[in-house]
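Participant: how would this look folded up:
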Amino acid sequence: MKVSGSWKVKGIVIALVLLVIIAALFATLSGYFIDFQWFGELGYREVFFKKLFTQIKFFIPSLIVSFTLFYIFMKSINAYSAKRTGVILSAYENKMWNRIFLITSALISLVLSIAFVSQVWYDFLIFMNRTAFDLKDPIFGYDIGFYIFTLPFLNKLYSFLLGVVILFGIITLVFNIILLVSPKQQQTSDWEELNVRRMRVSYKEVLSAAWRQISVLGGIFFLLLALGFYLRKFDLLYSSRGVTFGAGYTDINVSLPFYYVYIGISIITAISFIVSYKGKKSKLAVFGPLFLVAAIILSGVASTAVQSLIVTPNESTKEERFIQHNIDYTNYAYGLDKVEIKEFSAAQNLTRKDIDENKVTIDNIPVNDYKPAKDIYNQIQGLKSYYQFNDIDIDRYYINGVYRQVFISARELQSDNIPKQEGSNAVSWINRHLNYTHGYGVALSPVNEVTPSGQPRLFIRDMPVISEIDIEVERPQIYFGELTKDYVIVNTKETEFDYPGSGGDVETKYEGTAGIRLTFPNRLMLALTQGKINFVLSQDINSESRVLLNREIIGRARKIAPFLAYDEDPYIVISDGKLYWIIDAYTLSDRYPYSQSINKNTTTNYIRNSVKVIIDAYNGTTDFYITDSEDPIINTYSKIFKTLFKPLDIMPEDLRAHLRYPQTLFDIQTEIYSKYHIKDAKEFYNKSDVWDIATQIYGVSGTTTETMEVESSYLIMKLPDSDKEEFILMVPFTPQGKNNMISWFAVKNDGENYGQLKLYSFPSGKIVEGPMQIEGIISQDVAIGNAINLLQSGGNSQVVRGNMLIIPIEDSILYVEPIYLRASNASALPELKKVIVFYKNQVVMEDSLEKSLARIFPVERDEMPETADTPQAPKTQQPLTEGGVQDSSVSQLIRRANDVFNQAQEAQRAGNWALYGEKINELETILQKLGDLNID
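Facilitator: Residues are numbered from 1 along each chain as shown. Below is the predicted model:
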């Protein structure tokens, strides 16, 4: 039989369409199978299957139920309409309509089931595994867990059911319109000879049938609406109408009663609709919706009137109870109810002995700033253009037995900068994925030491790794990191580049456990999922080769546990000779009653750092440790994913010693606490004690300096109520709109004290200089100004003012600010040139912190160590001729120094900064001359 050309074309088109469908289906299934192997490689197959099986468990029943409901519904409205209107369809029409019902029901149920499963599966798991907070909301008396775990599920279920009823209503409406406008065949009694006459069904018959169908759906709709209003009343706890977040006077006394009115009208209307099904006329079925709309409008008018006429004129009284709820529940939501408040006297009575006894604190003052350090690391330790230090991390180590704070950063591979193909601007697939596979090593420097050129002194550096300390990096290769965006293939016929050596490139072979083995089926599936046929065609790949996927560490953790939020600042740790990444993971919610949101850009109003994620930089093993076992949200997750989370006590001790309180969380708590440290509702309303985070001047001196908040700082120091130094995170507060410091806020990081929040508040009436006031003193100091001008004389260099450091020691405060010099060319390295120290009306600037401290806290002569190895040249006594000083006797010099110091203080109090600078310069001259005298 001859086949026409049109049929050939149709056959080809059909074949191509089928081929595309099969390819798309295979690619989708390939993605699932690759994910299955990837989760299995990490030991988290349960996590992979939990979502899949839960969705399947929901999808199949929902598909069957929804298909059955829609098909029966369509058949029933068709049969009922035919019965009511007397229309009899022919066999052909019956068959046609039945097919339409089947196809429509199948399509609608498929779409609805997919939508239902995708929206509800996660909330269902949360609901079924919910954990109580053991704290009730102050209005309705429900546990907080109801709002975080149960209410979201009920709201989604309600929205879905309401949508289904509306869809039923639309189908009914469309069907009856079709029935109304389409001519129908009505058969006579003579079946042998069809005597068919065309007729149009009367409006009355169709409307009568349609009303009965709508009456049932209307009854269900208004019952669901009543349920919706019941659920919506809980949203009042998130109201922003009043003076604070949460339900206020108007919400509770006006809006809430109206919700019960809405519920009552909805139920009565639903009953009237159902009653009208039997043909009984019910005016309420028509007027009920109008009453509901009127009630909603009346509620809005009444709320506005009460708020304007009753609440606003008496706001502090009417809202007091609700303000207190906001204060209490905001503190609960951010863990601020556990802040321990201590008084810090700021006596400013430090002696040289105090400085010496706090040597660990002094030796860990971070005069190196992490921002310039990043530039320095990249320029002197990047070594090749394809290496990059992405971030400077702050941590602490015991180095040669001494507790030291350090900067540490990973030398990662920037794949976009690796060598390109000859004659091409593109990086070859082999170079990107087979040869250049990993970064190498770390750079580590103490925060307080610099080289003679003013750059951080590196304890760990170079390739291969050189360590000057008792910490070794035995496995320096970094296959998993912050910049590892691409997949790589290891154990191929191509050798892997390890690092550039002095005699040529050093090569390596991966010996780790990560990766999916590249069997032929896997190669085929990866070619589809990655869009690269090279997986199949490359002759460098063999059965021993493995592909390392999802190597970017935050994305890796997120793929395993997408329900957690991840800190954007992971940090690298050396432990037992290996490199590990630590990522802080958070549980969040925007459903905590009465809790203020973090800021205006988000609705999140609950946060806990409940998980630490540890990722092996070489093997890619990814472990999730619970660090806050009191968090109900993480306890709920651990019930759902039983094999995902591990208890903190099984984390290796060496890694546990490097856990730090996340700066992100502390900064959020700081921002909230600046206002919510006020516990009394009336004081809170009056805003009489609101704080600001202290500000400082930062940047290029005299040109592009900017006023910015003092960053929270990691420090090693001994807190006033502690007997040893520890790693803390702290920030200073000032009164709102003022520059004097009123308190400082800290959190402990070490051992069993991890996470303890402490506020050190200065005594009432005590004036303590804030960072901005110190910045003003520095800026107006003539001697410092002259020295800075001298540093940048010539116009080719810029002086950069670093972060102001607030250092509590004993019961006093030191202020330290590093000064950097940077040449004006873009590639110049910033160099630490000076360190400014302020203490008790004294400001000095010297080449180092030690020298600055020695100026303020001079070492007594009998305490000065003898240095036999470095003999000093005898000093010659010189007559004094500068600053009006004529007499060189020691006693007269001392008296003169005291007089000049008092004059400087008087000038400072009077605001005469020019005279103050002159007197300080004169005092400096006297002290230098005193130091030059031979006093036996």
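Participant: hey, which helix is longest across the chain?
Facilitator: Scanning the chain for the longest helix, with DSSP state H as the assignment, gives helix 45-85.
Participant: Does anything pack onto that one? Which helices or strands?
Facilitator: helix 5-42, helix 91-128, helix 151-181, helix 203-232 (3 or more CB pairs under 8 Å, 6 or more residues apart in numbering; DSSP states H and E). For the C-beta atoms, the positions are set from N, CA and C on the backbone; glycine is no exception.
Participant: so which of the ones you listed gets nearest Ser428?
Facilitator: helix 5-42 (23.9 Å; CB to CB).
Participant: Tell me which other helices or strands that closest one touches.
Facilitator: Counting by 3+ CB pairs under 8 Å, 6+ apart, helix 5-42 packs on helix 45-85, strand 516-517, helix 520-530.
Participant: 6 Å instead?
Facilitator: The helices and strands touching helix 5-42, judged by 3 or more CB pairs under 6 Å, 6 or more residues apart in numbering; DSSP states H and E, are helix 45-85, helix 520-530.
Participant: Need the mean per-residue confidence for the first one.
Facilitator: Taken as a whole, helix 45-85 has a mean pLDDT of 80.
Participant: With stretch 804-813 instead?
Facilitator: On average, stretch 804-813 scores 94.
Participant: now stretch 322-329
Facilitator: The model assigns stretch 322-329 a mean pLDDT of 98.
Participant: Low-confidence ranges, the stretch 651-800 of the chain, go.
Facilitator: Residue ranges of the stretch 651-800 of the chain with pLDDT under 70: 700-705, 793-795.
Participant: Compare the helices and strands packed on helix 45-85 and give me the one nearest Glu357.
Facilitator: Per CB to CB, nearest to Glu357 of the helices and strands packed on helix 45-85: helix 5-42, 49.4 Å.
Participant: got the buried residues for that closest one?
Facilitator: Neighbour counts over helix 5-42 (16 or more other CB atoms under 10 Å) mark Ser30, Ile34, Asp35, Gln37, Trp38, Phe39, Glu41, Leu42 as buried.
Participant: For Ile582, state which of those residues is nearest.
Facilitator: Nearest to Ile582 among the buried residues of helix 5-42, with distances taken as CB to CB, is Leu42, at 17.3 Å.
Participant: where does the closest one land on pLDDT?
Facilitator: 95.
Participant: Report the separation between it and Gln539.
Facilitator: Going from Leu42 to Gln539 by CB to CB, to the nearest Å gives 30 Å.
Participant: what does stretch 552-566 rub up against?
Facilitator: 44, 480, 484-485, 550, 570, 581, 583, 585-586, 588, 613, 615 (CB atoms under 6 Å, 6 or more residues apart in numbering).
Participant: Tell me how many other residues surround the nearest residue to Gly169 once chain neighbours are set aside.
Facilitator: The shortest distance from Gly169 to any non-neighbouring residue, by CB to CB, 6 or more residues apart in numbering, is to Leu217 (5.0 Å). Leu217 has 19 neighbours, counted by other CB atoms under 10 Å.
Participant: now Val243
Facilitator: 18.
Participant: Return the residues in contact with it.
Facilitator: Contacts of Val243 (CB under 6 Å, 6+ apart): Glu315, Glu319.
Participant: Distance-wise, check it relative to Ile323.
Facilitator: From Val243 over to Ile323 (counting by CB to CB), the distance is 7 Å.
Participant: if I look at these two, which residues touch both of them?
Facilitator: What both Val243 and Ile323 touch, as defined by CB under 6 Å, 6+ apart, is an empty set.
Participant: just checking, Val490 touches Tyr510?
Facilitator: Yes. Using CB atoms under 6 Å, Val490 is in contact with Tyr510, at 3.7 Å.
Participant: Buried ones among the contacts of stretch 552-566?
Facilitator: Tyr44, Phe480, Thr484, Asn550, Pro570, Trp581, Ile583, Ala585, Tyr586, Leu588, Val613, Ile615.
Participant: Would you confirm that the last one contacts Ile583?
Facilitator: No. At 7.0 Å, Ile615 does not count as touching Ile583 under the criterion of CB under 6 Å.
Participant: Which parts of the stretch 751-900 of the chain are helices?
Facilitator: With helices called from DSSP state H, counting those that start in this stretch, the stretch 751-900 of the chain shows them at 771-780, 782-791, 849-856, 890-910.
Participant: how far off helix 771-780 does the second one point, in degrees?
Facilitator: Calculated by axes from the mean of the first three to the mean of the last three CA atoms, to 10 degrees, helix 782-791 forms an angle of 70 degrees with helix 771-780.
Participant: Where do the strands of the stretch 401-550 of the chain begin and end?
Facilitator: 402-413, 439-440, 442-446, 460-461, 466-467, 477-478, 488-490, 496-501, 504-508, 516-517, 546-548 (DSSP state E, counting those that start in this stretch).
Participant: Any chance of CSV for those, columns distance to Leu107 and mean pLDDT?
Facilitator: What follows is those, written out as CSV (distance: least, CB to CB, whole Å; pLDDT from 0 to 100):
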stretch, distance to Leu107, mean pLDDT
strand 402-413, 49, 97
strand 439-440, 51, 96
strand 442-446, 57, 97
strand 460-461, 63, 96
strand 466-467, 66, 95
strand 477-478, 50, 98
strand 488-490, 43, 97
strand 496-501, 52, 93
strand 504-508, 56, 92
strand 516-517, 37, 96
strand 546-548, 39, 97
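Participant: so which of those gets nearest Trp97?
Facilitator: Of all those, strand 516-517 comes closest under CB to CB, at 51.9 Å.
Participant: Geometric centre of the chain: which residue is closest?
Facilitator: Asp567 (4.6 Å; CA atoms, centre = their mean).
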